[in-house]
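Trainee: Next input, structure requested:
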Amino acid sequence: MSFSAQQQSVALTKLKESLSGEVVCPGDDGYDYGIARWSESCVKKAGYVVFPKTNEDVVEAIKFARNQNLELAFYGGGHSYSGSSSTEGGLVIHLRKYLNYARCDPEKRLLHVGGGATWEIGGTVDNTVQVSRRQHSSMMKIKTSPPTPSSISSGAVEAEAATLELPPDFVFKAHPQRPTVFITNLIYTMDKLESLLNAVEDWHETASPDEGLHWACMRVLPGMEPGKPALVAMYFFNGDAADGRKAAKKLYDVGTYNSGQIAERAMEDLPFVKLNALQNDSLPRDDRKYIKGLTLRFRMSVEAVQAVLQAQDEVVKSNPALVHCSVLFDCCPKRIVVAVPLETTAYAGRGTGAEGGIFQFYTDPALDDSVQRHVRAWAQLLSEKTLVAFKAGKGSESYGVGYTNFDPDAAASDAASVFGSNYKRLREVKRKYDPDNIWNGWYPIEPTESGSTSAKLVVICSSSRKISAVIISVGAFTRICCWLGAFGSTVRRKHGSLVV
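Mentor: A predicted model of the protein is given here:
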């Protein structure tokens with residue numbers, strides 16, 4: 001055993017001794033569980049997977065990763081389309097095994113939720129009361145004022161957790177909720193597309209906060225011939241079935257299916273606690289998934305949707321294995337969301353548009369590249385014919401940036417496009433709690449400079465990993481000093497920096 005390998009073995013032994021949870025490596029029992037993800041295309045072979053039980057376990061795992069120069073990733077629910085919860089050869093902090101809990105305090109109306117819990121129980125949450133975060137050497141708790149909009153809403157936590165520190169647990173404020181709700185899926189033939197889009201727009205003008213609506217074009221529906229596209233309106237009403245059908249009259253009036261009858265799959269008294277897990281059985285598991293998210297102005301172009309559906313038809317005809325593709329948009333009213341000031345959360349999207357995406361489910365790893373090309377091309381078709389959000393903001397002038405987890409291509413892009421006017425403040429928070437930029441894998445926020453006049457060295461590498469340039473930065477002054485391609489020096493990554 002080499003000296004470096006021996007050192008690593010000693011460090012791993014010390015890590016195991018320090019944990020109340022456990023750590024597994026390739027070949028160990030529990031390793032396959034530790035690297036499994038909702039989408040198999042996001043599975044990566046981590047060098048280590050830590051299953052923490054306590055705050056201290058998380059601290060020790062981060063210390064170990066830093067000392068061993070390992071990339072860090074953390075697993076909360078494992079649903080990232082970009083693979084941000086995975087790492088190739090690095091260390092994963094896996095929260096679900098031991099921190100998958102939800103406890104309710106009825107007297108205080110608080111929900112205590114572990115960082116590894118998936119949202120499979122019903123609950124209404126309009127703000128976060130407290131978040132516990134682990135840094136490399138300590139733990140902090142952030143509290144918010146319950147009577148006002150939370151300064152760390154669920155959207156903000158999602159944004160900050162991926163770029164600042166790890167949030168193993170949350171405390172949410174809960175609200176009263178009736179025990180049952182009304183859900184219906186209305187199915188239409190493709191010739192009803194324009195009528196459906198008109199009905200959705202008309203419905204949206206008068207929809208109450210107790211209503212919600214998604215519409216989609218899908219080629220795989222339970223009980224229907226695979227490959228034959230159909231339109232679906234998925235309607236929610238926080239009340240009884242009779243009142244729900246009255247509120248959704250515009251959707252019922254769109255028309256009938258082939259049989260001459262309205263094709264409806266309704267759940268008239270669905271227990272609310274089952275609502276959030278409703279689609280778990282209908283979505284394919286143990287397969288690969290890819291999505292490109294978009295936020296469009298509310299009135300979508302019929303021609304744009306038709307262009308995407310035609311392009312999907314051509315792909316499915318050439319490769320039937322790609323039949324499980326769809327277009328889906330969330331058209332729920334956003335009046336309450338828009339009313340929340342931008343500065344009260346990290347995420348700065350307060351648009352009035354419809355958020356959605358283009359999905360592709362498949363099984364063959366050999367199709368990864370072609371699937372990504374197809375989905376991106378379909379999204380481009382849609383964006384060319386319909387106004388798309390391009391910046392964070394509020395109201396109809398910007399339409400708001402979409403749900404960022406639905407855009408894996410942009411996960412390493414300019415974070416300012418997501419956080420908007422909050423980006424400057426978040427850079428200060430980043431400098432305070434993560435100055436070494438440990439969390440840098442998902443819309444990474446660059447910490448502000450410390451204010452000192454010390455020089456900062458940055459190395460730029462070519463695709464061959466040879467140094468091509470050196471940049472020296474002193475405060476706001478930056479200069480490219482020289483080109484060094486001829487020297488052929490190699491580099492390695494250490495703590496978020498490139499080191500010669």
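
Trainee: Let me know the secondary structure of the most centrally placed residue in the chain.
Mentor: In the chain, the centroid-proximal residue (CA atoms, centre = their mean) is residue 405; its distance is 2.5 Å. Counting by DSSP: H, G, I helix; E, B strand; the rest coil, the backbone at residue 405 sits in helix.

Trainee: is it true that residue 231 lies in a strand?
Mentor: Yes. Counting by three-state DSSP, residue 231 is part of a strand.

Trainee: Report pLDDT for it.
Mentor: Note on residue 231: pLDDT of 92.

Trainee: try residue 174
Mentor: Value for residue 174, per-residue pLDDT: 84.

Trainee: for the residue nearest to the centre of the chain, what are its contacts?
Mentor: Contacts for residue 405 were tallied using CB atoms under 8 Å, 6 or more residues apart in numbering; they are 79, 80, 81, 82, 158, 293. Where you see a C-beta, it was placed from the backbone N, CA and C, and this is true even at glycine.

Trainee: how about the first one, secondary structure?
Mentor: If I follow you right, that is residue 79. coil.

Trainee: Could you report the pLDDT at it?
Mentor: Residue 79 is given a pLDDT of 83.

Trainee: Against residue 214, how distant is it?
Mentor: In this view, residue 79 and residue 214 are 17 Å apart by CB to CB, to the nearest Å.

Trainee: Would you agree residue 331 is in contact with residue 354?
Mentor: Yes. Between residue 331 and residue 354 a contact is recorded at 5.0 Å, counting by CB atoms under 8 Å.

Trainee: Show me which of these two is the more surrounded one.
Mentor: Comparing residue 331 with residue 354 by other CB atoms under 10 Å, the one with more neighbours is residue 354, at 26 against 23.

Trainee: If the more buried one is in a bridge, with which residues?
Mentor: residue 296 (DSSP bridges).

Trainee: Give me the pLDDT for it.
Mentor: 79.

Trainee: same thing with the one 3 residues further on?
Mentor: Predicted confidence (pLDDT) at residue 357: the value is 86.

Trainee: do the same with residue 385
Mentor: Here the pLDDT value assigned to residue 385 is 79.

Trainee: Would you list the buried entries among the contacts of residue 405?
Mentor: Using 16 or more other CB atoms under 10 Å as the burial test, those include 80, 81, 82, 158, 293 as buried.

Trainee: Pretty sure the third one sits in a strand.
Mentor: The one in question is residue 82. No. Assignment of residue 82 by three-state DSSP gives coil, placing it outside any strand.

Trainee: pretty sure it is touching residue 442, no?
Mentor: Yes. Taking CB under 8 Å as the definition, residue 82 is a contact partner of residue 442 at 6.9 Å.

Trainee: Next one: residue 210 relative to residue 407, how far apart?
Mentor: Relative to residue 407, and taking CB to CB, residue 210 is found at 30 Å.

Trainee: Looking at these two, which one has more neighbours?
Mentor: Set side by side, residue 210 and residue 407 show more neighbours around residue 407, with 22 against 16, by other CB under 10 Å.

Trainee: Can you pull the phi/psi pair for the more buried one?
Mentor: With angles defined as degrees, to the nearest 10, residue 407 sits at phi -130, psi 70.

Trainee: How much space separates it from residue 300?
Mentor: 18 Å.

Trainee: Then residue 95?
Mentor: Relative to residue 300, and taking CB to CB, residue 95 is found at 38 Å.

Trainee: just residue 371 next, same as before
Mentor: Residue 371 is 24 Å from residue 300, by CB to CB.

Trainee: Between these two, which is the more surrounded one?
Mentor: residue 300 (24 against 21).

Trainee: That one: what's it in contact with?
Mentor: Applying CB under 8 Å, 6+ apart, the residues near residue 300 are 197, 329, 354, 386.

Trainee: The second one contacts residue 217, doesn't it?
Mentor: No. Assessed by CB under 8 Å, residue 329 is found out of contact with residue 217, at 9.8 Å.

Trainee: tell me the pLDDT at residue 479?
Mentor: pLDDT, residue 479: 33.

Trainee: swap that for residue 260, sorry
Mentor: On pLDDT, residue 260 comes in at 57.

Trainee: Who is the residue lying closest to residue 109 once chain neighbours are set aside paired with across the strands?
Mentor: Counting by CB to CB, 6 or more residues apart in numbering, residue 174 is the residue found nearest to residue 109 once chain neighbours are left out, at 4.8 Å. Beta-bridge partners for residue 174, by DSSP bridges, are residue 125.

Trainee: what's the answer for residue 183, then?
Mentor: Residues in beta-bridge contact with residue 183 (DSSP bridges): residue 236, residue 267.

Trainee: can you map out the helices along the stretch 301-450 of the chain?
Mentor: 302-318, 335-338, 368-385, 416-419, 423-433 (DSSP state H, counting those that start in this stretch).

Trainee: Let me know whether residue 211 touches residue 333 as I believe.
Mentor: Yes. If you go by CB under 8 Å, residue 211 and residue 333 touch, sitting 7.1 Å apart.

Trainee: re earlier: ok, so what distance separates the residue nearest to residue 109 from residue 271?
Mentor: 17 Å.

Trainee: And these two? Which one has more around it.
Mentor: Just comparing residue 174 and residue 271: by other CB under 10 Å the higher neighbour count belongs to residue 174, 17 against 11.

Trainee: Please identify the most buried of the helices of the stretch 301-450 of the chain.
Mentor: helix 416-419 (a mean of 22; mean count of other CB atoms under 10 Å).

Trainee: avg pLDDT for it?
Mentor: On average, helix 416-419 scores 78.

Trainee: shaky segments in the stretch 101-250 of the chain?
Mentor: Within the stretch 101-250 of the chain, the segments meeting pLDDT under 70 span 119-168, 222-224.

Trainee: And the helices in it, which stretches?
Mentor: 154-163, 193-206, 241-247, 249-252.

Trainee: Between these, which one is closest to residue 275.
Mentor: Closest approach to residue 275 among the helices of the stretch 101-250 of the chain (CB to CB): helix 241-247, 13.6 Å.
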